[in-house]
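# Predicted model follows, preceded by the sequence.
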Amino acid sequence: FAMMFHGLLFFGLAMIILGNGFFKPNMSTIVGQLYEPEDKRRDGGYTIFYMGINFGAFIAPLVCGFMAHKTGLGWAAGFASPGIFMLVGLVWFWRSQKALAGPTGAALGLPPGRDPLQNKVLNRSDQLRILLYTAGLVALALAAWAMQSLLGYLWSPRWLFGPKIGEIGLLFAWRLPVVLLALLAANLLAERNSKDPQPLSSEERRNLIMVGVSTMAIFLWVVGFEQAGGTLNIFAADNTNCSALGAKFPSEWFQSVNPIFILLLAGAFDRVWGRLGARLSTIQKQGVGLLFMALSFLVMMGAQAGVNARLASEAGRTAVAQGHTLSQAGLGVSPLWLLGTYFFATCGELCLSPIGLSTVQKYSPKRMVSLMMGVFFLGIFAGNNIAGVLKKSLEGNKIDLWSFLCYSMLACGLLYLAAAPFLKRLVKEDKK
């Protein structure tokens, strides 16, 4: 709701970040706890969970765009609409606590140390604690909003690394280490306050290797997939013929293509994992996902070749000279190129993201599941960061973005498939 007001934009973003920090790792953990540790249906369960998420992702651009453009209230109404749906979801979740139980009937999502068989819902003390945490986080977000200049100075300390360091350099030299150290410090503090601190066993250390490898696959996927929020959007707006059956449509509608494919394909992938779950290891599934990503960018290489041919034509040169994009001049490439790209990217997503969530739940020590979910989402953070600056970085070295992503995903996918047998033996995956 804060994002309804222009002056509160950054405060609203801060609240979204803090809210997601609590919501995503814990909700993903709860989904995994719905299954027994050895249950092969877990990967399929995460796929269904992912399907629900993407139903919202499909509806959101349509609802927000409609509210912003058709009600006369502008983007204030567009930003208010997800706030209303979040309130509805919160009430639904709150009233459905008693139905949230694991395979043994034990309640899920309760604070540590609570007997899940005797306590089915949060008590008044828990509710008060939630309110206090929420108030504290609002105060923290307000403080960060007030000190945004100082925080920006610390987030991008070119005074420390020199003015020539780029965004990718800052990510690996400063931002990722700082966030990772903060996560480790929080975990050490939690262990120190624990009544029964336990060191990691050799098996747990091997399992954490699997979590790390899976998180790296997610990082690679995000670097490519999140081009959808930038370069693919620009390609749709500037270089694509946004029309079908003689009717034009806004380029923003491409943002709903991926969620539509998720809804159409998730059930099929769920059945595939159900039948092949015992024969395909986690790393093999993710390797296949990276190969699907390579295919998606191979399609974009073809689309870019079509754009380059049009730009080299007389009509294309005239359009550019007049300050028009290919889309504005009626010279855009077919929307089927982007549909093909999103189709293969979605197949890759269904092999990577829900499987990655399942892997973290399955291999993390029970006392570290939420922490490792945080590390998993740290990989997503790093991927998003690089996705936003990759095109500019590559252009400085005269490297084509789509070719780079295609060959990188191909190489990494083959590497994961080659390493899968070794990692399977390392963690004895067939026994899990």
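Okay, I see it.
# can you pull the pLDDT of the closest residue to Met372 other than its chain neighbours?
Once flanking residues are discounted, Met372 sits nearest to Ser364: 4.0 Å by Cβ to Cβ, 6 or more residues apart in numbering. In this view, the C-beta of every residue, glycine as well, is placed from N, C-alpha and C. As predicted, Ser364 sits at a pLDDT of 85.
# wouldn't Ser364 be in contact with Asn207 here?
Yes - Ser364 lies in contact with Asn207 (Cβ atoms under 8 Å); the separation is 7.2 Å.
# Check the gap between the residue nearest to Met372 and Gly32 for me.
9 Å (Cβ to Cβ, to the nearest Å).
# can you pull out the strands in the stretch 101-250 of the chain?
For the stretch 101-250 of the chain, the strands defined by DSSP state E, counting those that start in this stretch occupy 243-244, 247-248.
# Can you tell me which of those strands is nearest to Phe292?
strand 243-244 (24.8 Å; Cβ to Cβ).
# by contact count, what packs against the closest one?
Using 3 or more Cβ pairs under 8 Å, 6 or more residues apart in numbering; DSSP states H and E, no helix or strand is in contact with strand 243-244.
# Show me how far it is from its chain's centre.
30 Å (Cα atoms, centre = their mean, to the nearest Å).
# burial of Asn123, as a residue count?
12 (other Cβ atoms under 10 Å).
# quick one: low-confidence ranges for the chain?
37, 69, 109, 111-121, 186-197, 277-278, 429-432 (pLDDT under 70).
# Do a quick rundown of the helices in the stretch 201-350 of the chain.
Under the criterion DSSP state H, counting those that start in this stretch, helices of the stretch 201-350 of the chain are mapped to 202-225, 231-239, 257-276, 282-312, 314-321, 336-363.
# mind checking which of those is nearest Ile84?
It's helix 257-276; of the helices of the stretch 201-350 of the chain, that one is closest to Ile84 (Cβ to Cβ) at 19.5 Å.
# would you put the C-alpha positions of the closest one in PDB?
Output of helix 257-276 as PDB, limited to C-alpha atoms (Å, rounded to 0.1, in the frame of the first residue of the first chain):
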ATOM      1  CA  VAL A 257       3.300 -15.800 -21.000                       C
ATOM      2  CA  ASN A 258       5.700 -17.500 -18.500                       C
ATOM      3  CA  PRO A 259       3.000 -18.000 -15.800                       C
ATOM      4  CA  ILE A 260       0.600 -19.400 -18.500                       C
ATOM      5  CA  PHE A 261       3.200 -21.900 -19.600                       C
ATOM      6  CA  ILE A 262       3.800 -22.800 -15.900                       C
ATOM      7  CA  LEU A 263       0.100 -23.500 -15.400                       C
ATOM      8  CA  LEU A 264      -0.100 -25.600 -18.600                       C
ATOM      9  CA  LEU A 265       3.100 -27.600 -18.100                       C
ATOM     10  CA  ALA A 266       3.400 -28.000 -14.300                       C
ATOM     11  CA  GLY A 267       1.000 -30.900 -14.200                       C
ATOM     12  CA  ALA A 268       3.000 -32.700 -16.900                       C
ATOM     13  CA  PHE A 269       6.300 -32.200 -15.200                       C
ATOM     14  CA  ASP A 270       4.700 -33.400 -11.900                       C
ATOM     15  CA  ARG A 271       3.800 -36.700 -13.600                       C
ATOM     16  CA  VAL A 272       7.200 -36.900 -15.200                       C
ATOM     17  CA  TRP A 273       9.000 -36.500 -11.900                       C
ATOM     18  CA  GLY A 274       6.500 -39.000 -10.300                       C
ATOM     19  CA  ARG A 275       7.500 -41.700 -12.900                       C
ATOM     20  CA  LEU A 276      11.200 -40.900 -13.200                       C
END
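# Could you list the buried residues of that helix?
257-263, 265-266, 269-270, 272-273 (16 or more other Cβ atoms under 10 Å).
# quick check: angle from it to helix 282-312?
150 degrees (axes from the mean of the first three to the mean of the last three Cα atoms, to 10 degrees).
# which helices and strands sit right next to helix 257-276?
Against helix 257-276 (3+ Cβ pairs under 8 Å, 6+ apart) you get helix 42-70, helix 336-363.
# Nearest approach to Asn20 belongs to which of those?
Nearest to Asn20, of those and by Cβ to Cβ, is helix 42-70 at 12.2 Å.
# The closest one vs helix 282-312, what angle?
Going by the same axes, to 10 degrees, helix 42-70 makes 30 degrees with helix 282-312.
# between helix 42-70 and helix 336-363, how big is the angle?
130 degrees.
# List the buried residues for helix 42-70?
Applying 16+ other Cβ under 10 Å to helix 42-70 flags 42-47, 49-51, 54, 57-58, 60-61, 63-65, 67-68 as buried.
# Nearest spatial neighbour of the most centrally placed residue in the chain, chain-adjacent residues omitted?
When Cα atoms, centre = their mean is applied to the chain, the residue found nearest the centroid is Ile380 (5.7 Å). Take Ile380 and drop its neighbours on the chain: the residue closest to it by Cβ to Cβ, 6+ apart is Val222, 5.3 Å away.
# who's in contact with the one you found?
379-380, 382-384, 387 (Cβ atoms under 8 Å, 6 or more residues apart in numbering).
# Now list the buried members of these.
Here, 16+ other Cβ under 10 Å leaves 379-380, 382-383, 387 buried among those.
# Save those residues as TSV, and put in secondary structure too.
As requested, the buried ones among the contacts of Val222 are exported to TSV (DSSP: H, G, I helix; E, B strand; the rest coil):
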residue	secondary structure
Gly379	helix
Ile380	helix
Ala382	helix
Gly383	helix
Ala387	helix
